[in-house]
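**Student:** For reference, the sequence and a predicted model appear below.
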Number of protein chains: 2
Amino acid sequence: MSDDRRTVAELDERGLLELIFPRLGPDGALVGPGDDAAVVAAPDGRTVLSIDTLVQDQDFRLDWAGGYRSSGFDVGWKCAAQNVSDINAMGAVPTSLVVSLTLPGTTPVGWVEELADGLRAALQELGADRCGVVGGDLGKGPVIVVTAAVTGDLEGRAPVLRSGARPGDIVAVAGTPGRAAAGLALLEKAPDYAALPPALRRLTGLQSRPVPPLAAGPLAARAGVHAMMDISDGLVRDAGRLARAGGVALDLDGALLRDFEAELRPAAELLCADPRNWVLGGGEDHGLLAAFGPESELPEGFHAVGSVQAGAPAVTVDGAVPEVLGWDHFRG
Amino acid sequence: MSDDRRTVAELDERGLLELIFPRLGPDGALVGPGDDAAVVAAPDGRTVLSIDTLVQDQDFRLDWAGGYRSSGFDVGWKCAAQNVSDINAMGAVPTSLVVSLTLPGTTPVGWVEELADGLRAALQELGADRCGVVGGDLGKGPVIVVTAAVTGDLEGRAPVLRSGARPGDIVAVAGTPGRAAAGLALLEKAPDYAALPPALRRLTGLQSRPVPPLAAGPLAARAGVHAMMDISDGLVRDAGRLARAGGVALDLDGALLRDFEAELRPAAELLCADPRNWVLGGGEDHGLLAAFGPESELPEGFHAVGSVQAGAPAVTVDGAVPEVLGWDHFRG
């Protein structure tokens, strides 16, 4: 948190913007922040576009049960990460973010400054070199809501859709499903955040500041991947979407999934949980789920986890329907 | 309101999306809704981009003092209108919207369906022919928050910035400043909405469903306008921004502004208000404020309201500093 002890209600909109924008770094736009709209280059004549929202007490908490407080930095990071992940899933490269902040008047100015720092840090550290914050909107509301829209550049390639999986394809993931869900369980259920050993705090860190594998999307596109999507609501639920979009069945291989469980075991033991549920049902890691042709050499960062089969859209693990479902925003 | 009596908590995310998307009409995208991101054409190699948010009880009310209820249709319309207005202000043409909805679980499904109808109707009726809803995001929260990001096409022209006003320029507006503010005052202060005469209900309609002059932005750009912006926070406040951006002073002509006051007089008499305050301070009409060269013939839809002068950035009316300020999101 910065030293600024004021609340946002003590500044006018312009004053707050003047604090935020210098922290966001270079924007890389043809027309950057400060006008009615930004202008962003779209070199191949197309723009990839997506939008994602984080809501206080839904997607992050200012106070978790075990004592952790989501910082503005965490929320800024997570906002950038989940947005650029959608661009990654199309095989594209992120080119700009616009960010809308809805804030209670009591929000500390320092929290908002940290949010700007988190946005910038995520874009830099995740490797979104061409992407800056090119504009935004500020308003008041009863809880913090952070929405960003993101643009991307396909660099002349075809967009990678969810619908291209074919029987015989290799199902693969980039990233490590389950970590963010384990981190979420620790934040919600571990009695004392400050007493967690470093390996478990690392998992909570990946819930707060997910690390989507940004190189992997364009690499997969160049390698001719058949179908791809962001894993944001859980491996099984998102695999179901890939299956429905392609009109195919996906069978995941329990032995291959076991690799992801190993590092989750200490957290699972602490919470008497089954690490497989985190791997199968946990969202928010923002890894990629993809289907590659049977002869493909998987690009760097991808690991095979199953196969595509002919048949009615379904997801199985070793041939059986798993119980775990994953995240739905309304059913929770 | 539709006949659907369910709340959004009774549907899952997919069920709700399946109700919304068919109502949105053609999306006009290269890749439309349903994948991780949309792909939108950017024929001249650039994309104009902006984002804007509406928050319940800040930007609209489900229950106004006089008994009016903002419908989902109103909120969808307003969301589309204020977003495309930012594109208009750059001299560009809107090409796509992505919309993020944050909804309490108790929100009626019919309200959300109406919101989709309002988005579609606004895009059609405002003349945003190339613009459809190409994607979105759904989540839960304590109040309704609707955020849209919008893209636009400059059609090969230079973007019109706020910064180009020069001494000697004609200050002009497109649209009719003050109507939406008069409508807001009526919604907040008139004792019985249902008893308002049609002319006053028309003003409340323009607060709920503003009509930005979408043809005017590209027309002004083609006519070589020097500077332009959306009037969203009030004529004086926004004129101050144009003045600061250009390093010039703007003097508005009271006699010319009087034309906008005439139709506001019945509302002003009912509420014992000064219609000039609405013209000078009222936002949300989403007209355009522009500076044209002294020899320019103003394009259709624009009316001269003053002149640009050398000097420190300031806004005056007939040479005097007006008291009215306009809207600030945090100071209110």
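**Tutor:** Alright, I've got the coordinates.
**Student:** CA atoms for contacts and neighbours, from now on please.
**Tutor:** Fine.
**Student:** Which secondary structure state does the residue nearest to the spatial centre of chain A sit in?
**Tutor:** Central residue of chain A (CA atoms, centre = their mean): A:Q82, 3.0 Å from the mean position. Secondary structure of A:Q82, reduced to three states by DSSP: H, G, I helix; E, B strand; the rest coil: helix.
**Student:** Would you mind stating the distance between it and B:A195?
**Tutor:** 49 Å (CA to CA, to the nearest Å).
**Student:** Return the residues in contact with the closest residue to A:A220 other than its chain neighbours.
**Tutor:** Spatially, and ignoring its direct neighbours in sequence, A:A220 is nearest to A:P299 (6.2 Å; CA to CA, 6 or more residues apart in numbering or on different chains). For A:P299, the contact set (CA atoms under 8 Å, 6 or more residues apart in numbering or on different chains) comprises A:216, A:219-220, A:223.
**Student:** part of a strand, is A:P299?
**Tutor:** No. Using three-state DSSP, the assignment for A:P299 is coil, not a strand.
**Student:** is it true that the residue nearest to the centre of chain A touches A:G283?
**Tutor:** No. Counting by CA atoms under 8 Å, A:Q82 stays clear of A:G283, with 11.0 Å between them.
**Student:** gap between the closest residue to A:G293 other than its chain neighbours and A:L54?
**Tutor:** Sequence neighbours aside, A:D169 is the residue nearest to A:G293 in space, at 4.7 Å (criterion: CA to CA, 6+ apart). Plainly put, A:D169 is 34 Å away from A:L54 if you go by CA to CA.
**Student:** And for A:A245?
**Tutor:** From A:A245 to A:L54 the distance is 26 Å (CA to CA).
**Student:** ok, these two, which is more surrounded?
**Tutor:** A:L54 (23 against 18; other CA atoms under 10 Å in any protein chain shown).
**Student:** List the contacts of the more buried one.
**Tutor:** Contacts of A:L54 by CA under 8 Å, 6+ apart are A:60, A:75, A:79, A:145-147.
**Student:** The helix or strand containing it: partners in the sheet, and parallel or antiparallel?
**Tutor:** For A:L54, the enclosing helix or strand under DSSP states H and E is strand A:46-55. Sheet pairing here is set by DSSP bridges, and for strand A:46-55 it gives strand A:145-153 (antiparallel), strand B:38-41 (antiparallel).
**Student:** Could you look over those and pick the most buried one?
**Tutor:** strand A:145-153 (a mean of 29; mean count of other CA atoms under 10 Å in any protein chain shown).
**Student:** Count the residues that sit near A:G156.
**Tutor:** A:G156: 11 neighbours (other CA under 10 Å).
**Student:** measure it to A:S296 for me?
**Tutor:** 22 Å.
**Student:** now swap in A:D36 and tell me
**Tutor:** Taking CA to CA, one finds A:D36 at 46 Å from A:S296.
**Student:** give me every residue that touches the residue nearest to A:Y193 when sequence neighbours are not counted.
**Tutor:** Counting by CA to CA, 6+ apart, A:Y193 lies nearest to A:G66, which is 4.9 Å off, once chain neighbours are set aside. A:G66 makes contacts with A:187-194, as judged by CA under 8 Å, 6+ apart.
**Student:** Okay, domains of chain A per the record?
**Tutor:** A:8-153, A:170-317 (automatic domain parsing).
**Student:** In JSON lines, list those along with mean pLDDT.
**Tutor:** Putting the domains of chain A into JSON lines (pLDDT from 0 to 100) gives the following:
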{"stretch": "domain A:8-153", "mean pLDDT": "95"}
{"stretch": "domain A:170-317", "mean pLDDT": "95"}
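**Student:** Determine which of those approaches B:T204 most closely.
**Tutor:** Distance to B:T204, taken as CA to CA, is lowest for domain A:8-153 among the domains of chain A, at 22.2 Å.
**Student:** quick one, phi psi at A:L24?
**Tutor:** Phi and psi for A:L24, reported as degrees, to the nearest 10, are phi -80, psi -10.
**Student:** And what about A:D129, helix, strand or coil?
**Tutor:** Criterion first, three-state DSSP; result for A:D129: coil.
**Student:** Might you report the residue contacts of it?
**Tutor:** Going by CA under 8 Å, 6+ apart, A:D129 touches A:L123.
**Student:** okay, how far is it across stretch A:152-163, tip to tip?
**Tutor:** Span of stretch A:152-163 from end to end, CA to CA: 20 Å.
**Student:** Kindly report the same for stretch A:187-201.
**Tutor:** End-to-end for stretch A:187-201, by CA to CA: 9 Å.
**Student:** I'd like to know which of the contacts of A:L54 is nearest to A:D274.
**Tutor:** Looking across the contacts of A:L54 and measuring by CA to CA, the closest to A:D274 is A:F60, at 23.2 Å.
**Student:** can you count the residues close to the closest one?
**Tutor:** Neighbour count of A:F60, defined by other CA under 10 Å: 20.
**Student:** Wait, it touches A:S70, no?
**Tutor:** Yes. Assessed by CA under 8 Å, A:F60 is found in contact with A:S70 at 6.6 Å.
**Student:** who touches both of the two?
**Tutor:** What both A:F60 and A:S70 touch, as defined by CA under 8 Å, 6+ apart, is the set A:S208.
**Student:** all helices of chain A, in order?
**Tutor:** A:13-20, A:72-88, A:109-125, A:179-189, A:198-208, A:216-222, A:235-246, A:254-261, A:265-271, A:275-281 (DSSP state H).
**Student:** Among those, show me which one is buried the most.
**Tutor:** Looking across those with neighbours counted as mean count of other CA under 10 Å, the highest average goes to helix A:72-88: a mean of 28.
**Student:** for that helix, packing partners?
**Tutor:** Applying 3 or more CA pairs under 8 Å, 6 or more residues apart in numbering or on different chains; DSSP states H and E, we find helix A:72-88 packed against strand A:46-55, strand A:93-103, helix A:109-125, strand A:145-153, helix A:198-208, helix A:216-222, strand A:227-231.
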